[in-house]
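> Predicted coordinates and the sequence they were generated for:
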Amino acid sequence: MESHDRYQTDSVPINEIQWNAIIHNDSNFDGKFYYGVKTTGIFCRPSCKSKAPNYENVFIFNNPEEALARHFRPCKRCKPTGERVPDQEWISVVTDYIEHHFAETLTLDILANVSHGSPYHLHRVFKRITGQTPVEYIQEKRVAKARTLLKSTGFTITDIGRQVGIANPAYFITVFRKHTGCTPANYREQGRDES
């Protein structure tokens, strides 16, 4: 998996006028510049109604081709290339974000904001493309990481739950059992027996 460092770029520096256009969704600047957000790998028109990015994560581009050349993907909401973003490509933005942020609080609203779509549409398309709901996908990532930690560390079950994004120990045990058929303690013990 590529890291978000691939978005490091020598793009045009952002100025105050551009920043104000972005945070105020000013359509007067559409076509004059485009902005990319390093943390999501998505680029937009200044008028995009998506949540305002953090200043330090913004790159400015003169045209969509520059953003595409830097491996940014067009926003599903504002369509900066004028074309509809294929669903597969849109969902890959979401799964990439989950891969890097699964231990954080992730709700459907957060994922929709990150990917510049609506929660309902995201849920429907995500399930069609991956065969899982976003919650199921996130839980699968968390359980996979928990398995690794249970085998390779001496952390407590509670600590492992926190590290994978499930702070409530009882809920962590429930989720883990649902995905593996055993509790975290039993899983760790089975790993010892196999050694």
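Perfect, thanks for sending it.
> Pull the distance from stretch 80-91 to the chain's centre.
Offset of stretch 80-91 from its chain centre (C-alpha atoms, centre = their mean, to the nearest Å): 16 Å.
> hmm, which helix or strand of this protein has the shakiest average pLDDT?
helix 184-194 (a mean of 83; mean pLDDT, DSSP states H and E).
> What is that helix packed up against?
If you count contacts as 3 or more C-beta pairs under 8 Å, 6 or more residues apart in numbering; DSSP states H and E, helix 184-194 packs onto helix 134-152, helix 157-163, helix 169-180. Backbone N, C-alpha and C define where each C-beta goes, glycine included.
> tell me, what residue is most central in the protein?
Tyr97 (2.0 Å; C-alpha atoms, centre = their mean).
> isn't it right up against Val114?
Yes. The criterion here is C-beta atoms under 8 Å, and Tyr97 meets it with Val114 at 5.2 Å.
> Which residues are in contact with each of these two?
Thr40 (C-beta atoms under 8 Å, 6 or more residues apart in numbering).
> For stretch 23-40, list every residue counted as buried.
Residues of stretch 23-40 classed as buried by neighbour count (16 or more other C-beta atoms under 10 Å): 25-26, 29-30, 33-40.
> same thing with stretch 56-65?
Quick answer for stretch 56-65 (16+ other C-beta under 10 Å): 58-61, 64.
> so can I have a markdown table of these showing distance to Glu83 and secondary structure?
What follows is the buried residues of stretch 56-65, written out as a markdown table (distance: C-beta to C-beta, whole Å; DSSP: H, G, I helix; E, B strand; the rest coil):
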| residue | distance to Glu83 | secondary structure |
| --- | --- | --- |
| Val58 | 23 | strand |
| Phe59 | 21 | strand |
| Ile60 | 21 | strand |
| Phe61 | 17 | strand |
| Pro64 | 10 | helix |
